[in-house]
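1. Give me the fold of what follows.
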Amino acid sequence: MRPRRRIAVFGSFLANPQSPEYQLAEDLGYLLAVHGIKVICGGHGGIVTALASGATRGGGEILGISLAESKQLQRNAKMNPLLTETEFAGTISERLALFANADGYVFFTGGIGSLAEFAFIWHSLQVAGDFSRPVLFVSRAWKRVLAEIKQEQMIKYKYYRHLYLCDTVKEAMAILTDDYSQNPEEIFYKECVLFDLDGTIVESPEEEFRRSCEGIGYFFHPADVAESFRKAGGLRRAPEGKTLTPDDCIGYHLDVLENLGIERGPATGIAAHVCSKIRQVPELYADVADALAHLRDNGFSTGLISSRHPMRLQEILSAHGLTGSFNFTIGSRRPSGARPGPRLFEEASALSGFPREGIIHIGTDYQEDYLYPRTVGVDSILLDRHLDHIADDDAVKIRSLRELRHLLRHRAIG
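-> Numbering: from 1, shown residues only. Now for the predicted structure:
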């Protein structure tokens, strides 16, 4: 029999019934219980009382973990009476290790203890190399903390896809249960879904660059890398009929690194390392195939746009078995380094045969993929796999293409 799932929840002992997070925690406890998920938390008051109250209402189980020598335990002489199970650890490290065995983690606003708990949980996942368990934050305060952590590059870029900022408990439950039908922020009725290639369907050159650099201890902010790639311009792809040589690759990345402020000496070694790690075909994201199949099965037309040359675009699609998965594709024949503008979405509308209001675009760049299409009447959603857009609260955002099946509805024609 499959073991029951367990979610560890952290938050402040000082939370009270008048605080907004208390009600959120109570709702979370209830929803976890009705989904048959066991709650693991601390052993005393505050967020624990809220969680236990909700879990009790939902008929669920809640395990409280405390230190055997806890001053709080000595003061109250007992654990929270709403807990269905209790467990005691001899040391703080032993207590944290008991939490680390959960199937997912949710953090509400807390104090230094919650910060230490996050650091321990995250370090444990990183050491184990196991990021199958999501880490969620249901708190505006954590948003500021994560923004600073990301700004200072304290966590490797590729790992941010496992961290989730949630404004609502429904959003948190959608992630924990992988059921996004619970949290459709708004429904888009469309006939055609238009995807950007890089960062949406396959790993972008910028992502590949960051991942390779982090492997040897060089951390660069995503916005700085994107700007450096723009300045470096045209060697991202070879001219039609030609193939990039290793020297072309190294030269291009030398330009990128110098734009990032790296001196020529160390930049040469970094560029050589990056080029040795670059895949001939960029990596396909795991959520792509299911999303495309769902759209096709539900009557949507799909299109793909890319800054890559049409021949290279077809090579990538063929390598990943996606030839024929899109009703139309648009590759770039623009001069080296030229960036697409809003008119690209007018071209896509004309090529697709659908009116602009019948198309929605999915991409990862706030200006080019989210704002540009909207200036010409094409709706858009920002795909934020790595928390690159923490500050862009005005955008409609998703973290995974899995969300599309519950966010989009096919509009019948005729």
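
2. what residues are up against the closest residue to residue 371 other than its chain neighbours?
-> Sequence neighbours aside, residue 380 is the residue nearest to residue 371 in space, at 7.8 Å (criterion: CB to CB, 6 or more residues apart in numbering). C-betas here are computed from N, CA, C, even on glycine. Residues counted as contacts of residue 380 (CB atoms under 8 Å, 6 or more residues apart in numbering) are 360-363, 369-371, 373-374, 396.

3. In three-state terms, label residue 380 for me.
-> strand (DSSP: H, G, I helix; E, B strand; the rest coil).

4. How about residues contacting the helix or strand where residue 24 lies?
-> For residue 24, the element it lies in under DSSP states H and E is helix 20-34. Helix 20-34 is contacted from outside by 7, 9, 11-12, 15-17, 38-39, 46-47, 50-62, 106, 108-109, 138-139, 168-170, 172-173, 176, using CB under 8 Å, 6+ apart.

5. same for the helix or strand just after it, what does it pack against?
-> Once the chain leaves helix 20-34, the next helix or strand it forms, by DSSP H and E, is strand 38-41. Helices and strands touching strand 38-41, by 3 or more CB pairs under 8 Å, 6 or more residues apart in numbering; DSSP states H and E, are strand 6-10, helix 20-34, helix 47-57, strand 62-67.

6. mind checking which of the ones you listed is nearest residue 400?
-> Nearest of the helices and strands packed on strand 38-41 to residue 400, taken as CB to CB: strand 6-10 at 18.9 Å.

7. Apply the buried test to the contacts of residue 380 and list what passes.
-> 360-363, 369-371, 373 (16 or more other CB atoms under 10 Å).

8. export the residues you listed to a markdown table and tack on pLDDT, distance to residue 214 and secondary structure?
-> Shown next, in a markdown table, are those (pLDDT from 0 to 100; distance: CB to CB, whole Å; DSSP: H, G, I helix; E, B strand; the rest coil):
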| residue | pLDDT | distance to residue 214 | secondary structure |
| --- | --- | --- | --- |
| 360 | 97 | 33 | strand |
| 361 | 97 | 30 | strand |
| 362 | 97 | 26 | strand |
| 363 | 96 | 24 | strand |
| 369 | 94 | 24 | helix |
| 370 | 96 | 26 | helix |
| 371 | 96 | 29 | helix |
| 373 | 96 | 31 | helix |
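
9. now those residues in JSON lines, with distance to residue 113?
-> JSON lines is the format used below for the buried ones among the contacts of residue 380 (distance: CB to CB, whole Å):
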{"residue": "360", "distance to residue 113": "43"}
{"residue": "361", "distance to residue 113": "43"}
{"residue": "362", "distance to residue 113": "39"}
{"residue": "363", "distance to residue 113": "40"}
{"residue": "369", "distance to residue 113": "40"}
{"residue": "370", "distance to residue 113": "38"}
{"residue": "371", "distance to residue 113": "41"}
{"residue": "373", "distance to residue 113": "45"}
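
10. I'm done for today, thanks for sticking with me.
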